[in-house]
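Trainee: dropping the sequence and predicted coords here.
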Amino acid sequence: KTRVYRFGNKTADGNSKMKNLLGGKGANLAEMSAIGIPVPPGFTITTEVCTEYNSLGEETVIELIKEEVEQSIANIETQMGATFGDKDNPLLISVRSGARVSMPGMMDTVLNLGMNDEVVLGLAKRTNNEQFAWDSYRRFIQMYGGVVLGMKPESKDDIDPFEEIMEHLKHKRGIELDTDFTIQDLQDLVYDFKEAVKRRTGHDFPTDPWDQLWGAIIAVFNSWNGDRAVYYRNMHGYPADWGTAVNIQAMVYGNMGDNSGTGVCFTRDAGTGENIFNGEYLINAQGEDVVAGVRTPQQITKIGSQRWAELATVDEVDRAENYPSLEELMPKIFIELNEYQDILEKHYRDMQDMEFTIQDGKLWILQTRNGKRTGAAMVKITMDLLKEEMINEKEALLLIEPNKLDELLHPVFEPGALKRSNVIAQGLPASPGAATGKIVFFADEANKYKSTILVRIETSPEDLEGMNIAKGILTARGGMTSHAAVVARGMGKCCISGAGALKIDYKNRTLTVDGHEYHEGDWISLNGSTGNIIEGKVATMEPELSGEFGELMNLADKYAEMKVRTNADTPRDAEVARSFGAQGIGLTRTEHMFFEVDRIKAMREMILADTVKGRKQALEELLPMQRSDFEGIFEAMDGLSVTIRLLDPPLHEFVPHQLATQKELAEDMHITLQAVKNKVAELEEFNPMLGHRGCRLGNTYPEITEMQTRAIIEAALNLKERGKICRPEIMVPLVGTVKEFEMQEQLIRATAENIFEERQDRIDYLVGTMIEVPRAALIADLIAEKADFFSFGTNDLTQMTFGYSRDDASKFLPIYIEKGILKVDPFEVIDEEGVGQLVKIGTERGRSAKPNLKVGICGEHGGEPTSVEFCYNTGMDYVSCSPYRVPIARLVSAQAAI
Ligand code: ADP
Ligand code: MG
Ligand code: MG
């Protein structure tokens, strides 16, 4: 087994396809070397060795790779004409981490390794540059100290121990920049740094280059399991057994003086996607100086430099003198760099993000990778690459990261304003977008100020109207499928849920975070895409949907086989979804319709009625309202199918819980307050999620089903009279037994026949059921005999299969994920192993009884990429998701079919 792969001097053992083994960085270094790009020679220790290290430990692993590493170092020595650890002609190397995917800043790298008190003198003599040699030495101790010896800040508000020493000296010497240090200063720093290491670790700084090398290799392996990396991995669902590779490479020096430098560049604009080469560099600098912001970096191109000057309020003279572009300052190097960026982009057929270093007038490329980009840039770059014929249609579709499309559909913060903002806490990014407003704590006060953020411990259906008015919603409890999250996504409204660090005091109307108190009326801002909660007001802007976005969507539809419907409860939702390309409605929840002011009363009268007669009377009042709701939705979806779910939530959610409202209701209904209270108490359930809800309502109060059926069928007939076509699909929720469905189905069909008789006209309609109780999935063949369609309600199905209450799961799910008990939140990403089996069984058994059974999904999973792919593989006819996720589902549907 090969554990070490070499590269350099236009040859390489590996190539860019070997990312899993060599890591992204190593694979691309090999590839670049092989196609003739100048990369400093070196070698990559494979990710498998990292895994071996994790199981076998340090000593065994060093034994395994010692010989290969020593030979490979010798190989670098030959190529560079210098010797590792040599006093006269020393070779210095870098030891760089690199996992198979890029994890920016999450793992560790050490530069200038091989340095000690003798080597520094040799390097100074050899290069005739004492300043440079000592600068490299102090950099080495600093990096090695931090990465390998654990010289990190001791607490959160401490500064880096080496930075502290440097700041102290700068202050004493009255200088500002690292480049202002004299040789003597640098020598002093090296001495002080070593002292600091001794004091803190109790050991001398290692002087033997080979000890240094093994220490660094092990530290890079360890950084794979560092806190930062683990957090990042968990966030993206990258498994622990991937490991990181280690890249060892000859140093090239950007800190040799004014004819040297280092920089980062992009082949296209990562923010907008424009095809403009751009980037930043620093003269006389090394490694991450550009990113770390030790000095103001300069622009690569002249145009970029001029644009930057406008933003930075630097005048033209100042710009040309102090911040000239690379194009102006080193025209030859610029032309060469420009050539490489062009070659690399064409070679990788994607936008590249590159690192380079100029050593005394010679250009070296140190890294290239497919660049990270915003959602907007992603769409533009992809469609441009397609037009430039660099990629074909299928490749273009596969280049799109579905979730990133979300960013394009919601208001966004101005990037500059966001940079300056102060993040006070983080919650779950429940619904993306940017929202800024004044804090209110009660839904009915959402219109108290012009822009508000509704801050709640949790929300309930009663809060719907207020949620709709508020610019954003923030809750302390609840997960990604909490009420707040689901409703907000449906509205396309920014929402952060489950922000556990928030202490909300309704009584005093305060929000406390980390000891800091915020009051009603204070400004806060929410970044629903990251979950960041930000103090104060951050400027936002409306997104603009580009022409390229439309082109991309058309392309997706060309390849997609599975249809995409939407979940929509109002004509407005339906219209929005249709404008995003929804091909029907997969779920209309009827209960939200009852929460509007004039309706909730009739609804409550219905619930409080003690007799069938009383209930029917109240339902009479609701009928015309509900009918007109459906007319609106059918109209918006003219020509397409609309699935309507019969009343689902427990009645308890509709009754008033506040004394004032209870009194009001008692007066309206001419009953005593006590009677109202009794009824409220009577409806209370220990476990409402498993209680009197779904078709259990329709089966105990058939008059509700009757009224809703009437509203649906009459609305459809009314539209037919107006020349519109609608295809209602009436859906019975929470079915678990055949009889449960059959009773409802017969009632629906009988009611419809009655209406057809009355109206002397008919329409086509379907009667089907949700599959959301595990039992229903298991007896799907029996249910399918009676049902025209199935729609998997995977929210409830997940809840009942796992036995996790989705409204309480936020108490333990984050811990489960942290501990690795669960890989991901099953309410967010469908659990293929368990819940997925039920979906497959349900579909197969259903279709065994009725081959042409229409099958879809209407849970939150219907808009989540991996779940959508799963639905395609299961053979579903459609997925249904909230309006703003329709484009994502369309794209995934195409990707799945490719
Ligand atoms: P990261 O993955 O965090 O970017 P890198 O391994 O790419 O870490 O290295 C950090 C910095 O050091 C980069 O700016 C890189 O270009 C620079 N660097 C790495 N190796 C060398 C080298 N052999 N010579 C000069 N600079 C190097
Ligand atoms: Mg870094
Ligand atoms: Mg890098």
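Mentor: Happy to help now that I have it. Residues are numbered from 1 along each chain as shown. Ligands and ions are numbered 1, 2, ... in the order given.
Trainee: where do the domain boundaries of this structure fall?
Mentor: Domain segmentation of the chain under automatic domain parsing yields 50-58+72-250, 261-367, 411-541, 560-586+631-649+701-897.
Trainee: confidence-wise, which of those domains is weakest overall?
Mentor: When the domains of the chain are ranked by mean pLDDT, domain 411-541 comes last with a mean of 86.
Trainee: how about the domains of the chain in CSV, adding distance to ligand 1?
Mentor: Every residue, glycine included, has its C-beta placed from N, CA and C. As requested, these are exported to CSV (distance: least, CB to the nearest ligand atom, whole Å):
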stretch, distance to ligand 1
domain 50-58+72-250, 3
domain 261-367, 4
domain 411-541, 21
domain 560-586+631-649+701-897, 25
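Trainee: mind putting these in TSV, mean neighbour count included?
Mentor: Formatted as TSV, these follow (neighbours: other CB atoms under 10 Å):
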stretch	mean neighbour count
domain 50-58+72-250	18
domain 261-367	18
domain 411-541	20
domain 560-586+631-649+701-897	21
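Trainee: which one of those domains lies nearest to Leu397?
Mentor: With CB to CB, the closest approach to Leu397 among the domains of the chain belongs to domain 560-586+631-649+701-897: 5.3 Å.
Trainee: just the terminal-to-terminal distance for the closest one.
Mentor: 6 Å (CA to CA, to the nearest Å).
Trainee: and stretch 578-594, by the same measure?
Mentor: Per CA to CA, stretch 578-594 runs 24 Å from first to last residue.
Trainee: equivalent analysis for stretch 356-374, please.
Mentor: End to end - CA to CA - stretch 356-374 spans 23 Å.
Trainee: show me how far that stretch is from its chain's centre.
Mentor: Relative to its chain's centre, stretch 356-374 lies at 27 Å (CA atoms, centre = their mean, to the nearest Å).
Trainee: now stretch 153-171
Mentor: 34 Å.
Trainee: sorry, back to before: any chance of the domains of the chain in CSV, plus distance to Glu620?
Mentor: Shown next, in CSV, are the domains of the chain (distance: least, CB to CB, whole Å):
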stretch, distance to Glu620
domain 50-58+72-250, 52
domain 261-367, 57
domain 411-541, 23
domain 560-586+631-649+701-897, 8
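Trainee: list phi and psi for the closest residue to Glu864 other than its chain neighbours.
Mentor: Of all residues not flanking Glu864 in the chain, Val829 sits nearest, at 5.7 Å (CB to CB, 6 or more residues apart in numbering). Per-residue torsions, Val829: phi -110, psi 130 (degrees, to the nearest 10).
Trainee: which residues does Val829 contact?
Mentor: His861, Glu864, Thr866, Ser867 (CB atoms under 8 Å, 6 or more residues apart in numbering).
Trainee: now render the residues you listed as JSON lines, adding distance to Lys172 and secondary structure.
Mentor: Converted to JSON lines, the contacts of Val829 look like this (distance: CB to CB, whole Å; DSSP: H, G, I helix; E, B strand; the rest coil):
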{"residue": "His861", "distance to Lys172": "61", "secondary structure": "helix"}
{"residue": "Glu864", "distance to Lys172": "57", "secondary structure": "coil"}
{"residue": "Thr866", "distance to Lys172": "57", "secondary structure": "helix"}
{"residue": "Ser867", "distance to Lys172": "60", "secondary structure": "helix"}
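Trainee: I'd like these laid out as JSON lines, including distance to Val839.
Mentor: Formatted as JSON lines, these follow (distance: CB to CB, whole Å):
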{"residue": "His861", "distance to Val839": "10"}
{"residue": "Glu864", "distance to Val839": "14"}
{"residue": "Thr866", "distance to Val839": "14"}
{"residue": "Ser867", "distance to Val839": "10"}
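Trainee: max pairwise distance over those: which two?
Mentor: His861 and Thr866 (9.0 Å).
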